[in-house]
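K.L.:
can't give you the sequence, but here's the structure:
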Ligand SMILES: Nc1ncnc2c1ncn2[C@@H]1O[C@H](COP(=O)(O)OP(=O)(O)OP(=O)(O)O)[C@@H](O)[C@H]1O
């Protein structure tokens, strides 16, 4: 398993944002779903080493996020929900900056490959501040995959994209999931149906579903993921 989470808990002040969750993920696309405030971003931030957990453990490719943070960072790519990019940097320059951080051996070759994969070719000579939202999102994705990580954490990567951009980014996520473990957080159920093999639904910090899309529909006697989501999470 490339991700292994056991009894993970995060408490902010008095609020339990993640409450004793355990799950595992292997190569493929895992849909990580839940209502606003359920604890998705918090879990993703712990997996990527951005914030520490309060309790429990998490491993990425066999490395512990707390005791082996550098090994975890080498194996993980992260596209945060609000991805801060340097508006004044040129696309290639920003990728060169990330390549330096990862000490890539042949940065130019890899940057060209990633520009091709993410469809950034026509915009590669612009400054990030001049790009449309969809292309900025592609730059974020390109940065996340540059070091060819085995695990990719994508927090709402398609929010705000037009239908054409949506289709091409989704196809890229499907392609990446053929060899990598991709954790995809999204509120678009149609996207999950199109892209994910495995689904976890989290509600109020607890996992309420963890199964393949097909088994989840079968066991809930439902035809749409949306109805399952509502049934499992609409209990205020
Ligand atoms: N830095 C923080 N300090 C205090 N509380 C926080 C902090 N970050 C998140 N929270 C709280 O923890 C809970 C879980 O938040 P989180 O961002 O993980 O949810 P989410 O599932 O990603 O939500 P969304 O779908 O809206 O992005 C929320 O109630 C949120 O207000």
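P.N.:
The structure has been received and is ready for your questions. Nothing here was measured: the structure is a model prediction, and the numbers come from that model. Numbering: from 1, shown residues only.

K.L.:
tell me if I am right that residue 77 is in a strand.
P.N.:
Yes: assessed with DSSP: H, G, I helix; E, B strand; the rest coil, residue 77 lies in a strand.

K.L.:
bridging residues for it?
P.N.:
residue 152 (DSSP bridges).

K.L.:
quickly note the distance from it to residue 145.
P.N.:
In this view, residue 77 and residue 145 are 5 Å apart by Cβ to Cβ, to the nearest Å. The C-beta positions use only the backbone N, C-alpha and C, and glycine is treated the same way.

K.L.:
give me the common contacts of these two.
P.N.:
Taking Cβ atoms under 8 Å, 6 or more residues apart in numbering as the criterion, residue 77 and residue 145 both touch residue 152.

K.L.:
which one's more surrounded, these two?
P.N.:
residue 77 (25 against 21; other Cβ atoms under 10 Å).

K.L.:
report the contact partners of the more buried one.
P.N.:
So residue 77 contacts 143-147, 149, 151-153 (Cβ under 8 Å, 6+ apart).

K.L.:
what's the distance between it and the ligand?
P.N.:
18 Å (Cβ to the nearest ligand atom, to the nearest Å).

K.L.:
any low-confidence regions in the protein?
P.N.:
Applying pLDDT under 70 to the chain flags residues 236.

K.L.:
mind redoing it with 90?
P.N.:
Along the chain, segments meeting pLDDT under 90 span 1, 80-87, 119, 132-135, 137, 158-169, 197, 221-223, 234-236.

K.L.:
so which residue is dead centre in the chain?
P.N.:
residue 154 (1.8 Å; Cα atoms, centre = their mean).

K.L.:
what's near enough to touch it?
P.N.:
Taking Cβ under 8 Å, 6+ apart, one finds 79, 141, 144, 173, 182-185 in contact with residue 154.

K.L.:
give me the nearest residue to residue 231, chain neighbours excluded.
P.N.:
residue 220 (6.7 Å; Cβ to Cβ, 6 or more residues apart in numbering).

K.L.:
one step back: so which helix or strand takes in the residue nearest to the centre of the chain?
P.N.:
Element membership of residue 154 [criterion: DSSP states H and E] is strand 151-155.

K.L.:
would you mind confirming that residue 208 is in contact with residue 231?
P.N.:
No: at 9.5 Å, residue 208 does not count as touching residue 231 under the criterion of Cβ atoms under 8 Å.

K.L.:
hmm, the residue nearest to residue 231 is touching residue 230, no?
P.N.:
No: the criterion here is Cβ under 8 Å, and residue 220 misses it with residue 230 at 10.8 Å.

K.L.:
list the residues that contact residue 233.
P.N.:
34-35, 38, 201, 203, 208.
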